[in-house]
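Student: for reference, the sequence and a predicted model appear below.
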Amino acid sequence: MLKPHEDAYGNNIYDMYIHGYGGYDIVECEDGQFTLNGDSDSYTIPFEQWEGIQKAAARLVNGRVLDIGCGGGKHAIHFQQKGLEVIGIDNSPLAIEVCELRGLQHAWVKGIEDISPSWGLFDTILLLGNNWGLLANREKAKRILRNLYQCTTPDAKILAETLDPYGIAFESEEDRDYQSWNRLRGRMTGQLKVRIRYRKFVTPWHDYLFVSKAEMMDILTDTGWHIEEILDNEAVEQYIAVLVKDNLTQVVEN
């Protein structure tokens, strides 16, 4: 759970929802780069304003749903309104407070490593909004995916969204230099060490992971999951991978 002085994006979401103003999350990378991460409205926008691949993925959501890193409830509340049972989790107390104020019935201050079979089994796991990144690195990703296998029904799906770190979103000289440094240190190319800033609030440093399709397939090895389908936003080389359990269908290579 983020402490009050660490809850940068939660304060951003809360300011917009309660006071009608907000701004951008500033993402600070360990190499000194600063970038803007969307704006405070992006955490709560309605379905009509979702990205195309997220709208396409919505048709696959069914049953009991776990929205990991739910933010202000953008996805969780939509699927709750569709009549599904949805649990939204986030390590930001203020983000969860906004979810509760917006009517999400099950909004919990929890992190991705807190997920447990004791919560009951889920039919759909959401890692939308590039939240594949919450898996942080290769080792943690495998550990989390194996745990999610135990926390889901036999025909469950994970909808995992990410950017290709070799694509146009990371084409600057600074990005390529950082990626080279990552590889020299034995880290994955798209494994960013970052913290989030908003006003006076700053999160702790943490890893956030972007992967190519081939890298995702490699990480999935021996976790019980494979890629069934990929939804592509080719303009920015962003994609949503639809993951299913190995005992159901054959891998579809993309």
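Tutor: Thanks, I have it.
Student: isn't Ile227 up against Glu215?
Tutor: No - counting by CB atoms under 8 Å, Ile227 does not reach Glu215; the two are 11.6 Å apart. For every residue, glycine as well, the C-beta is placed using N, CA and C.
Student: what about the helices in this protein?
Tutor: Listed in chain order, the helices of the chain (DSSP state H) span 8-14, 52-58, 74-81, 93-101, 138-150, 173-184, 213-220.
Student: let me see the contact set for Ile87.
Tutor: Residues near Ile87 by CB atoms under 8 Å, 6 or more residues apart in numbering: Arg64, Val65, Leu66, Asp67, Ala76, His106, Ala107, Trp108, Trp119, Phe122.
Student: out of these, the closest to Gln179 would be?
Tutor: The shortest approach to Gln179 among the contacts of Ile87 belongs to Asp67, at 29.8 Å (CB to CB).
Student: format the contacts of Ile87 as CSV; extra columns: neighbour count.
Tutor: Below are the contacts of Ile87 laid out as CSV (neighbours: other CB atoms under 10 Å):
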residue, neighbour count
Arg64, 17
Val65, 23
Leu66, 28
Asp67, 33
Ala76, 28
His106, 17
Ala107, 25
Trp108, 16
Trp119, 16
Phe122, 24
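Student: what's the closest of those residues to Tyr208?
Tutor: Using CB to CB, the contacts of Ile87 come closest to Tyr208 at Asp67, 17.8 Å.
Student: list the contacts for Arg183?
Tutor: Neighbouring residues of Arg183 by CB under 8 Å, 6+ apart: Thr189.
Student: low-confidence ranges in the stretch 1-150 of the chain?
Tutor: Flagging of the stretch 1-150 of the chain using pLDDT under 70 yields the residue ranges 38-40.
Student: and the contacts of Ile87, which is closest to Phe170?
Tutor: Closest approach between those and Phe170, by CB to CB: Asp67, at 26.4 Å.
Student: surely that closest one meets Leu84?
Tutor: No - the criterion here is CB under 8 Å, and Asp67 misses it with Leu84 at 10.4 Å.
Student: among the contacts of Ile87, which are in strands?
Tutor: Arg64, Val65, Leu66, Asp67, Ala107, Trp108, Phe122 (DSSP state E).
Student: I'd like the residues you listed as a markdown table, with distance to Asp246 appended.
Tutor: Shown next, in a markdown table, are the ones in strands among the contacts of Ile87 (distance: CB to CB, whole Å):
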| residue | distance to Asp246 |
| --- | --- |
| Arg64 | 21 |
| Val65 | 22 |
| Leu66 | 20 |
| Asp67 | 24 |
| Ala107 | 32 |
| Trp108 | 29 |
| Phe122 | 17 |
